[in-house]
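Kindly return the folded structure for what I paste below:
(one chain, ligands or ions: 1)
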Amino acid sequence: MTKFIIEGGTALQGSLAVKGAKNSMLPIMAAAVLSSSTEDIVLQNIPSIFDMHVMTEILRSLGAKVKFADHTLRINVRDLHGFTIPEALMREMRSSIFLMGPLLARFGKVGVTYPGGCSIGPRPIDLHFKGLEALGAKISEEGDFIIASAPRLQGTEIHLDYPSVGATENLIMAAVLAQGKTTVNNAAQEPEIVDLQNFLNAMGADVRGAGTETLRIQGVESVGRCTHRIIPDRIVAGTYLMAAAITGGELLLQDIIPSHLDAVVAKMKEAGVLFQVAESSIKVTESKLKAVETLCTLPYPGFPTDLQAPMMALLTLAQGKSKITESVFEARFRHAEELNRLQAKIAVQGRTAYIQGVEKLFGAEVEATDLRAGAALILAGLAAEGQTVVHNIKYIDRGYENIENDLQKLGAKITRI
Ligand code: EPZ
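Modelled structure (predicted):
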């Protein structure tokens with residue numbers, strides 16, 4: 001099993017450009033299925049990460065032609081014939097559930113297996129089903145196998161019980177080719193949903209309201225193709241800003257959309273990190289870490305749950321008592337016990353973690369339990385005295401392209417073996 005060996009204690013210095021967002025790229029790759037064009041759909045600023053390769057395999061298994069080179073994807077769905085996603089690929093990546101809406105819209109039928117939970121919680125998909133049924137889909141389950149069918153989806157009014165990102169995206173994609181108008185209330189407002197809207201409209205769809213809690217989708221007969229540049233990854237950006245802060249370094253992050261990180265920058269400022277923010281860049285200049293009385297993860301524009309683990313790593317060295325509440329996922333604190341192996345002082349009670357700042361962390365062998373927990377352990381290892389070994393780094397490769405190369409460029413002593 002591959003692992004990272006990290007020698008801590010070096011303050012990161014330098015500048016980095018951030019690539020396209022995993023959580024924008026995945027639904028947009030799925031949305032390509034809606035196209036009636038015989039020409040390639042071109043997606044630019046694509047990170048070469050594991051989840052992109054899995055989604056590529058899924059599209060190929062359905063008959064699409066997909067080519068990836070120079071951070072650009074060319075997807076051709078002219079010969080798309082399949083509407084059942086292979087079980088092994090479904091299990092490989094939960095985001096394959098994003099294909100339900102577009103496959104149902106294109107073929108009137110879709111077969112998937114329940115994607116299953118992961119280490120951050122059971123992650124049900126009931127809101128996806130409720131919305132698709134409201135659009136007229138008939139959903140039947142035989143064990144883990146799920147078949148949804150609808151001769152033609154009918155536009156309707158949907159109210160989401162929770163602003164689920166995935167459910168919002170699935171329902172937008174299903175509604176694009178439905179008959180008539182669909183309204184989605186209490187929709188997720190993440191920037192990745194705005195990016196999906198822009199992609200779909202560039203192909204000829206009629207989606208409005210992304211970034212607000214009410215979406216309006218006017219069904220159209222068909223959509224064509226487009227070339228689209230994926231927005232920068234705000235979670236990767238936030239991770240690197242925290243890597244600079246935890247090592248007391250200086251980092252200029254370029255090619256980002258600073259407004260996507262408003263809640264993150266505000267909380268890091270509260271934790272004693274100093275910034276310079278410009279049009280398309282953010283610079284960490286100095287950090288004198290101090291505890292944050294309370295941090296609660298929330299749907300956008302609140303503090304993102306995907307940066308909760310990296311922020312917890314940062315706060316282990318912030319003088320005083322910090323408190324983090326994880327309101328989005330049921331079980332997203334498994335990194336706490338791993339951070340404690342580095343001599344952090346974290347106590348978890350249900351959805352709340354209490355962090356007592358310490359002077360120093362000390363290198364140890366730790367295990368990544370999910371993508372962002374892995375990133376948090378790298379950050380802690382960069383700051384810890386001595387050597388840290390992070391195991392199970394396959395999780396990290398799901399969302400960070402060659403993270404060790406980026407960090408080495410900034411002076412970090414990290415090697416993959
Ligand atoms: C997306 O997951 C992201 N993944 C996650 O990023 C991110 O943490 C999450 O949104 C929240 O921002 C992708 O975009 C590929 P949700 P998703 O549906 O869509 C509950 C990462 O590290 N829920 O907004 O699965 C669910 O259990 C990943 O990049 C239901 O109850 O998130 C959770 O508690 C991790 N029923 C909450 O809603 C449903 O039908 C938020 O889930 C759907 C969700």
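
these two touch, right, G155 and G219?
Yes: taking CB atoms under 8 Å as the definition, G155 is a contact partner of G219 at 5.4 Å. In this view, the C-beta of every residue, glycine as well, is placed from N, C-alpha and C.

Overlap of the contact sets of these two?
Common contacts of G155 and G219, defined by CB atoms under 8 Å, 6 or more residues apart in numbering, comprise 175, 178-182.

Considering these, which possesses the most neighbours?
A175 (32 neighbours; other CB atoms under 10 Å).

which residues does that one contact?
Going by CB under 8 Å, 6+ apart, A175 touches 101, 135, 153, 155, 182, 184, 207, 217, 219.

Among those, pick out the one closest to the ligand, please.
Distance to the ligand, by CB to the nearest ligand atom, is smallest for G101 among the contacts of A175, at 12.5 Å.

mind checking which helix or strand the residue in the chain that the ligand sits nearest to is in?
Proximity of the chain to the ligand (CB to the nearest ligand atom) peaks at G166, 2.7 Å away. Here G166, judged by DSSP states H and E, is contained in helix 165-175.

which residues make contact with the helix or strand following that helix from outside it?
On the C-terminal side of helix 165-175, the closest following helix or strand by DSSP H and E is strand 181-185. Strand 181-185 has contacts (CB under 8 Å, 6+ apart) with 131, 135, 155-160, 168, 171-172, 175, 213-219.

before we move on, back to that, mark which of the contacts of A175 are part of helices, please.
G101 (DSSP state H).

can you put the contacts of A175 in CSV and add distance to I125 and pLDDT?
As requested, the contacts of A175 are exported to CSV (distance: CB to CB, whole Å; pLDDT from 0 to 100):
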residue, distance to I125, pLDDT
G101, 12, 97
L135, 15, 98
L153, 18, 97
G155, 22, 98
T182, 19, 98
V184, 16, 98
V207, 22, 98
I217, 20, 98
G219, 23, 98
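
Just list whatever residues bridge to A353.
I324, V348 (DSSP bridges).

which ones are touching it?
312, 323-326, 333, 336, 346-347.

Alpha carbons of stretch 101-113, as PDB, please.
In PDB, the C-alpha atoms belonging to stretch 101-113 read as follows (Å, rounded to 0.1, in the frame of the first residue of the first chain):
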ATOM      1  CA  GLY A 101     -30.900  11.900 -13.700                       C
ATOM      2  CA  PRO A 102     -29.300  12.200 -17.100                       C
ATOM      3  CA  LEU A 103     -29.600   8.600 -18.100                       C
ATOM      4  CA  LEU A 104     -33.300   8.600 -17.100                       C
ATOM      5  CA  ALA A 105     -33.700  11.800 -19.200                       C
ATOM      6  CA  ARG A 106     -32.000  10.300 -22.200                       C
ATOM      7  CA  PHE A 107     -33.200   6.700 -22.200                       C
ATOM      8  CA  GLY A 108     -36.300   6.800 -20.000                       C
ATOM      9  CA  LYS A 109     -34.600   4.100 -18.000                       C
ATOM     10  CA  VAL A 110     -31.600   3.600 -15.700                       C
ATOM     11  CA  GLY A 111     -30.200   0.800 -13.600                       C
ATOM     12  CA  VAL A 112     -27.900   1.500 -10.700                       C
ATOM     13  CA  THR A 113     -26.800  -0.300  -7.500                       C
END
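
Show me where the stretch 51-200 of the chain dips below the pLDDT cut-off.
Across the stretch 51-200 of the chain, the ranges flagged by pLDDT under 70 are 116-117.

where does it come near the ligand, residue by residue?
95, 121, 123-128, 162, 164-167, 188 (CB under 6 Å from any ligand atom).

thinking again about what came up before, which members of the contacts of strand 181-185 are classed as buried?
For the contacts of strand 181-185, a neighbour count by 16 or more other CB atoms under 10 Å gives the buried set as 131, 135, 155-156, 158, 160, 168, 171-172, 175, 215, 217, 219.

Surely the residue of the chain closest to the ligand touches S95?
Yes: taking CB under 8 Å as the definition, G166 is a contact partner of S95 at 7.4 Å.

what is in contact with the two at once?
Common neighbours of G166 and S95 (CB under 8 Å, 6+ apart) are P27.

Contacts only, for G20.
For G20, counting by CB under 8 Å, 6+ apart, the contacting residues are 44-47, 71, 229-233.
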